[in-house]
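K.L.:
Give the three-dimensional model of this entry:
(one chain, ligands or ions: 2)
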Amino acid sequence: MGNAFSGIFDKLWGVPMQLRILILGLDGAGKTTILYRLQLGEVVSTKPTIGFNVETLNYKNLKLNVWDLGGQTSIRPYWRCYYNEAASVIFVVDSTDKERISLAAKELHVMLQEEELKDAALLVFANKQDQPGALSVSYISKELNLVSLKERSWSIVASSAIKGEGITEGLDWLTDVINEEQVQTR
Ligand SMILES: Nc1nc2c(ncn2[C@@H]2O[C@H](COP(=O)(O)OP(=O)(O)OP(=O)(O)O)[C@@H](O)[C@H]2O)c(=O)[nH]1
Ligand SMILES: [Mg+2]
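P.N.:
Ligands and ions are numbered 1, 2, ... in the order given. All right, here's what the predicted structure looks like:
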């Protein structure tokens, strides 16, 4: 993990660090809602994303370039165009979408096999927890086979982008991991 982070940090030495974070996941999972919840602290009304949204967030001591990519089937092949130098991936799961949890798992593992993402920390949001019957974090964790990720820093956090729950907790974990890596590479 050290090399990728050291590359990112070396380039930015002495200036506010900018880190590329990707938000990925199937269509309708809540990626855009999470991005603007993070940036504006409120719920925005969204349309399916064709292409991407990118916003810069100042979070703690970090400057984050957060890329929210469209998740529709026809757009997913373009995710790879954004992998270069991504410090981490936020993968959003719609916890009410029981039919597509295995598809979400497949897309996650295909994505994680990419060489460019081998050092990227992974934060999974089990989103839409405000909905009745939402799948639990432990169920989603098993379905996504997260325990198989031996060489990667990962965490899964229950969230509701609508209610604003879990989002800060997840980002705190992510920025802590990034900061730890920074210390290790100094
Ligand atoms: N109940 C509930 N609805 C949510 C939550 N997060 C997002 N939504 C709703 O889910 C729908 C899709 O949200 P988006 O943020 O547009 O989803 P997306 O992942 O960006 O979808 P694509 O752009 O198509 O990939 C919207 O109607 C949101 O309001 C949540 O935590 N709870
Ligand atoms: Mg979107």
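K.L.:
Spell out which parts of this protein neighbour ligand 2.
P.N.:
Within the chain, the positions adjacent to ligand 2 are 31-32, 49 by Cβ under 5 Å from the ion. In this view, the C-beta of every residue, glycine as well, is placed from N, C-alpha and C.
K.L.:
rerun that using 8 Å as the cut-off
P.N.:
Listed as neighbours of ligand 2 in the chain under the rule Cβ under 8 Å from the ion: 27, 31-33, 35, 46-49, 53, 68-71.
K.L.:
Go through the residues you listed and name the one nearest Arg100.
P.N.:
Asp27 (9.3 Å; Cβ to Cβ).
K.L.:
so the closest one is in which element?
P.N.:
Using DSSP states H and E, Asp27 sits in no helix or strand.
K.L.:
go on, Val93?
P.N.:
Counting by DSSP H and E, Val93 is part of strand 86-94.
K.L.:
could you check the angle strand 86-94 makes with the following helix or strand past that strand?
P.N.:
Heading C-terminal from strand 86-94, the first helix or strand you meet, by DSSP H and E, is helix 101-112. Comparing the axes of helix 101-112 and strand 86-94 via axes from the mean of the first three to the mean of the last three Cα atoms, to 10 degrees yields an angle of 170 degrees.
K.L.:
Residue nearest the middle of this structure, spatially speaking?
P.N.:
Per Cα atoms, centre = their mean, the C-alpha nearest to the average position across the chain is that of Ile90, at 0.6 Å.
K.L.:
where does the protein come near ligand 1, residue by residue?
P.N.:
Residues of the chain lying close to ligand 1 by Cβ under 6 Å from any ligand atom are 25, 27-33, 46, 48-49, 70-72, 92, 127-128, 130-131, 160-162.
K.L.:
which SS class is Leu174?
P.N.:
The three-state label given to Leu174 by DSSP: H, G, I helix; E, B strand; the rest coil is helix.
K.L.:
wouldn't it be in contact with Ala86 here?
P.N.:
No. Leu174 is not in contact with Ala86 according to Cβ atoms under 8 Å; the separation is 12.0 Å.
K.L.:
So for the two, which sits in the more crowded spot?
P.N.:
Legend: neighbour count by other Cβ atoms under 10 Å for Leu174 and Ala86, higher for Leu174 (25 against 22).
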